[in-house]
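K.L.:
Based on what follows, work out the 3D shape:
(2 chains)
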Number of protein chains: 2
Amino acid sequence: MIKANDPTLKSWIDVAEDSDFPIQNIPFGIMKKGKNHRVVTIIGNQVIDLFELNKRGYFKPMVVPPAVLRNEYLNDFISLGKNKTGNIRERISDLFKKGSRKLKNNEKDRKAILNDVSKVELTMPVKVGDYTDFYSSRDHATNVGKMFRDPENALLPNWLHLPVGYHGRASSIVVSGTPIRRPKGQQIPADSKQPVYGPCKLLDFEMEVAFVIGKSTGLGETIHMKNAEDHIFGLTLFNDWSARDIQKWEYVPLGPFLGKNFGSSISPWIVTLEALEPFRTSSPKQTDPKPLPYLKNTSKRNYDIDLYVDIIPENGKGKTVCKTNFKYMYWNMCQQLVHHTVNGCNVNVGDMCASGTISGPERGSFGSMLEISWRGSMPVDMPDGSQRKFINDHDTVVMRGFGEKKGVRIGFGEVSGKILPAK
Amino acid sequence: MIKANDPTLKSWIDVAEDSDFPIQNIPFGIMKKGKNHRVVTIIGNQVIDLFELNKRGYFKPMVVPPAVLRNEYLNDFISLGKNKTGNIRERISDLFKKGSRKLKNNEKDRKAILNDVSKVELTMPVKVGDYTDFYSSRDHATNVGKMFRDPENALLPNWLHLPVGYHGRASSIVVSGTPIRRPKGQQIPADSKQPVYGPCKLLDFEMEVAFVIGKSTGLGETIHMKNAEDHIFGLTLFNDWSARDIQKWEYVPLGPFLGKNFGSSISPWIVTLEALEPFRTSSPKQTDPKPLPYLKNTSKRNYDIDLYVDIIPENGKGKTVCKTNFKYMYWNMCQQLVHHTVNGCNVNVGDMCASGTISGPERGSFGSMLEISWRGSMPVDMPDGSQRKFINDHDTVVMRGFGEKKGVRIGFGEVSGKILPAK
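P.N.:
Predicted coordinates:
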């Protein structure tokens, strides 16, 4: 096992102090190379080509089919199983740790295997079969309930009994760096019964973390709490772009649709559950009410991961508008997955389940502009003197996230998306 | 063009009078053959292997890549484009029409190409990337509104302004014949605040028709009414199994989730839009209110297709509990697709969009047991003396559908699913 929390472990690749990618991380992603794609990992700012590592014999005696590593997506790689992908992470750690010379001293191999991250195009890491969005932050659900329903009864009756979730659009999940076009659609003006059509006026982000399914189940099968982590390969940052005005008019009674499916953005790296082990933290007490037995949680299944959202105007200075933490989730990933399959719904490798907006208890830790600006009533002052209630055209929204312990930072890289004006 | 409404066109393959598959139909599906799969069509009860037709030169001078026809799914075939798949349909029509001898007189080829449907395993015809379920039957939405909300204001304010829809689960769509396990989950007993966990007690079908996307769009692109049919390859029958008690407790505020995603069943054949041309019929007037201009419909975009649902108890005689028609849709498929992409949401070949439950104006034409039994208050008498409010364990639900004109019936085959008891 890689000791993810061992600060003495260093790589012969330079790793800046504030890098998300020390040798303890070893996340997985996909790099475009000519017409092909390669499975890659990253240490510092060096992107490591696993196809080349394998071709040049560095994984021996492990056998990894080359097609798995010269692949548009990680799905086949993930399907190798945690045992194998864990061994591959360990091998990579051995090859790149300080003092390991086999690869370091082979210039030709090194040149074929290492790529500077600035010269690399990282593409969608997984082919998402199905995407589910949960709604599991209590502060977020409470804020929304206070704003749109009854401040005294902000949470709906089911919320504390089950992790509320819904299906989202898989086709429009894009990788960091992909611009997002401001959507058009129907909105209902205040005090009118006649909707109008036009560009969304209340474009928002939602700071979320998503997990990627690592092990499929068959239709009719149910995942139990004790096995849930076996089915989670790793995590990515997730921006669930939301058109609040479109959503408001359309969502009754069947949920969000066009208010969400114009695009969602993810960070290019899938950070394994193993790498996040040091950041495991206690889960919130669930005693009033107690969840039904199938959802009962008895161990630390939350993760202490700091999350940041910056808004950067075009040609302007950015501002961090949200500092929150993944530990604020009321329902954890295992509970979400168990609930998702309790009815026999099948999950497949590469499927994505997002947390829902992650908000902490104070305004500075709210995970959406809807909450930060409290429906626009409290605009955010930007460094250039402008204000933001929601997201403007040409703004770029950047999300970052990392856990840090004993000087070892395990991060996700960023997910960034620029808003283009409506056509 | 195949004259879909020419009753004089006959095949040298015997076609029973009540067959769904005369030579005018030529739908597409997938057959399992050993470890491989083949693209197939059907005339009468003969399943026609397109890979073998192509291999033996019957498509010449058309060039069809063999891998497209020896394929687990129709997606690559559909991606050839309507022009090409239309030519293939025409060629098949020429080869199998009465008087055509080239194939008829070649016994060896005939044996390689034709398979009795009773000896064939038909599998999922398409790989569904994303699945969307609409809610576009006015009678259905009105019935649900009357039962659960306000009989005087049964339709919600947005319903007449846009085709309400939501994302469903793609992974759990299965082909006709696949048994469905009764789901377990949370339900809220009447007058209780504490949910209970157990098998669904109110298991229902929903009679729907789904269309399959035939041409992809990019993120940010919008399909306009005039081009919408170019993006629709064909139609299939769709049973949107529903657990009413699970749905009721979970669906606020983000829509149906576990009440639906335990399974949906489709018929194995995709009937092309071209084959359904004779059944095109006028669309309902939309004047009060008029839809926004992007949704305006000026032509016949509904289809006169009779739909039937039978419940068959184990070892018992079945009963037709629903006779409805696809023409009852208030929002047609083109409007659904235009609305779906108005915000730039991308669609991909093989994506599926279901109509929502199709109900007509009278009880006998209601498309779900929820409506037929009016929440269980009017049980259905079965031939064996038993009654049904919803679906029992070991019941099989069979849906059929066809258009008929001048003695030519264009049908879908059936979608059948048997309910297994909860584990």
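
K.L.:
where exactly do the helices run in the stretch 101-250 of chain A?
P.N.:
Counting by DSSP state H, counting those that start in this stretch, the stretch 101-250 of chain A has helices at residues A:107-113, A:138-148, A:244-250.

K.L.:
Out of those helices, flag the one nearest residue B:178.
P.N.:
Checking those against residue B:178 by CB to CB gives helix A:244-250 as the closest, at 32.4 Å. Placement of C-beta: from N, CA and C, glycine included.

K.L.:
JSON lines for the helices of the stretch 101-250 of chain A, including mean pLDDT?
P.N.:
Formatted as JSON lines, the helices of the stretch 101-250 of chain A follow (pLDDT from 0 to 100):
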{"stretch": "helix A:107-113", "mean pLDDT": "98"}
{"stretch": "helix A:138-148", "mean pLDDT": "96"}
{"stretch": "helix A:244-250", "mean pLDDT": "97"}
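
K.L.:
so how far is residue A:307 from residue A:380?
P.N.:
17 Å (CB to CB, to the nearest Å).

K.L.:
Those two: which is more packed in?
P.N.:
Using other CB atoms under 10 Å in any protein chain shown as the criterion, residue A:380 and residue A:307 rank with residue A:307 on top: 24 against 17.

K.L.:
can you tell me the residue of the stretch 251-400 of chain A closest to chain B?
P.N.:
residue A:255 (2.4 Å; CB to the nearest CB).

K.L.:
list the contacts for that residue?
P.N.:
Residues in contact with residue A:255, defined by CB atoms under 8 Å, 6 or more residues apart in numbering or on different chains, are A:166, B:166, B:251, B:253, B:254, B:255, B:256.

K.L.:
Phi and psi next, for residue A:99.
P.N.:
Backbone torsions of residue A:99, given as degrees, to the nearest 10, read phi 100, psi -20.

K.L.:
Tell me the spacing between it and chain B.
P.N.:
Using CB to the nearest CB, to the nearest Å, residue A:99 is found at 46 Å from chain B.

K.L.:
Tell me how far that residue lies from residue A:25.
P.N.:
19 Å.

K.L.:
same question, residue A:346
P.N.:
In terms of CB to CB, residue A:346 sits 31 Å off from residue A:25.

K.L.:
To what extent is residue A:126 buried, counted in neighbours?
P.N.:
Residue A:126, neighbours per other CB under 10 Å, totals 26.

K.L.:
can you pull the contacts of the residue nearest to it when sequence neighbours are not counted?
P.N.:
Excluding the flanking residues, the one nearest residue A:126 by CB to CB, 6 or more residues apart in numbering or on different chains is residue A:350, at 4.3 Å. Residues near residue A:350 by CB under 8 Å, 6+ apart: A:73, A:74, A:75, A:78, A:126, A:127, A:128, A:129, A:212, A:213.

K.L.:
how about a cut-off of 6 Å?
P.N.:
Residue A:350 makes contact with A:75, A:126, A:127, A:128, A:129, according to CB atoms under 6 Å, 6 or more residues apart in numbering or on different chains.

K.L.:
ok, the last one to residue A:349 distance?
P.N.:
In this case it means residue A:129. 8 Å.

K.L.:
Over to the second one?
P.N.:
When CB to CB is the yardstick, residue A:126 and residue A:349 sit 8 Å from each other.

K.L.:
Can you name the residues of chain A sitting close to chain B?
P.N.:
A:129-130, A:156, A:158, A:161-162, A:164-172, A:181, A:183, A:185-186, A:195, A:197, A:219-220, A:249, A:252, A:254-255, A:257-258, A:261-262, A:292, A:342-346, A:348 (CB under 6 Å from any CB of the partner chain).

K.L.:
List buried members of the residues you listed by neighbour count.
P.N.:
A:129-130, A:156, A:158, A:161-162, A:164-172, A:181, A:183, A:185-186, A:195, A:219-220, A:249, A:254-255, A:257-258, A:261-262, A:292, A:342-346, A:348 (16 or more other CB atoms under 10 Å in any protein chain shown).

K.L.:
ok, how many other residues are close to the residue nearest to residue A:376 when sequence neighbours are not counted?
P.N.:
Distance criterion CB to CB, 6+ apart; nearest residue to residue A:376, sequence neighbours excluded, is residue A:389 at 3.9 Å. The local packing of residue A:389 (other CB under 10 Å) involves 19 other residues.

K.L.:
Surely residue A:389 touches residue A:378?
P.N.:
No. Using CB atoms under 6 Å, residue A:389 is not in contact with residue A:378; the gap is 8.4 Å.

K.L.:
so where is the stretch 1-150 of chain A shaky, pLDDT-wise?
P.N.:
A:1-4 (pLDDT under 70).

K.L.:
In it, what residue comes closest to chain B?
P.N.:
residue A:130 (5.1 Å).

K.L.:
hang on, that residue packs against residue B:171?
P.N.:
Yes. Residue A:130 is within contact range of residue B:171, at 5.1 Å (criterion: CB under 6 Å).

K.L.:
So residue A:48 lies in a strand, does it not?
P.N.:
Yes. With DSSP: H, G, I helix; E, B strand; the rest coil as the criterion, residue A:48 is assigned to a strand.

K.L.:
all helices for the stretch 301-423 of chain A, in order.
P.N.:
With DSSP H, counting those that start in this stretch as the criterion, the stretch 301-423 of chain A has helices spanning A:333-341, A:369-372.

K.L.:
Just put those in a markdown table and tack on mean pLDDT, distance to residue A:324 and mean neighbour count.
P.N.:
Formatted as a markdown table, the helices of the stretch 301-423 of chain A follow (pLDDT from 0 to 100; distance: least, CB to CB, whole Å; neighbours: other CB atoms under 10 Å in any protein chain shown):
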| stretch | mean pLDDT | distance to residue A:324 | mean neighbour count |
| --- | --- | --- | --- |
| helix A:333-341 | 98 | 16 | 25 |
| helix A:369-372 | 98 | 10 | 26 |
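
K.L.:
In JSON lines, list those along with distance to residue B:57.
P.N.:
Output for the helices of the stretch 301-423 of chain A, formatted as JSON lines (distance: least, CB to CB, whole Å):
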{"stretch": "helix A:333-341", "distance to residue B:57": "49"}
{"stretch": "helix A:369-372", "distance to residue B:57": "63"}
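
K.L.:
Let me know which of the helices of the stretch 101-250 of chain A is tucked in deepest.
P.N.:
Burial of these is given as mean neighbour count (mean count of other CB atoms under 10 Å in any protein chain shown); helix A:244-250 ranks first at a mean of 23.

K.L.:
what helices or strands is that one leaning on?
P.N.:
strand A:184-187 (3 or more CB pairs under 6 Å, 6 or more residues apart in numbering or on different chains; DSSP states H and E).

K.L.:
Need the contact partners of the strand it packs on.
P.N.:
Contacts for strand A:184-187 (CB under 6 Å, 6+ apart): A:195, A:196, A:197, A:199, A:245, A:246, A:249, A:258, A:422, B:162, B:342, B:343.

K.L.:
Let's see that with 10 Å instead.
P.N.:
By CB atoms under 10 Å, 6 or more residues apart in numbering or on different chains, the residues outside strand A:184-187 that reach it are A:195-202, A:243-250, A:257-259, A:262, A:422-423, B:158, B:161-162, B:222, B:291-292, B:294-295, B:339, B:342-345.
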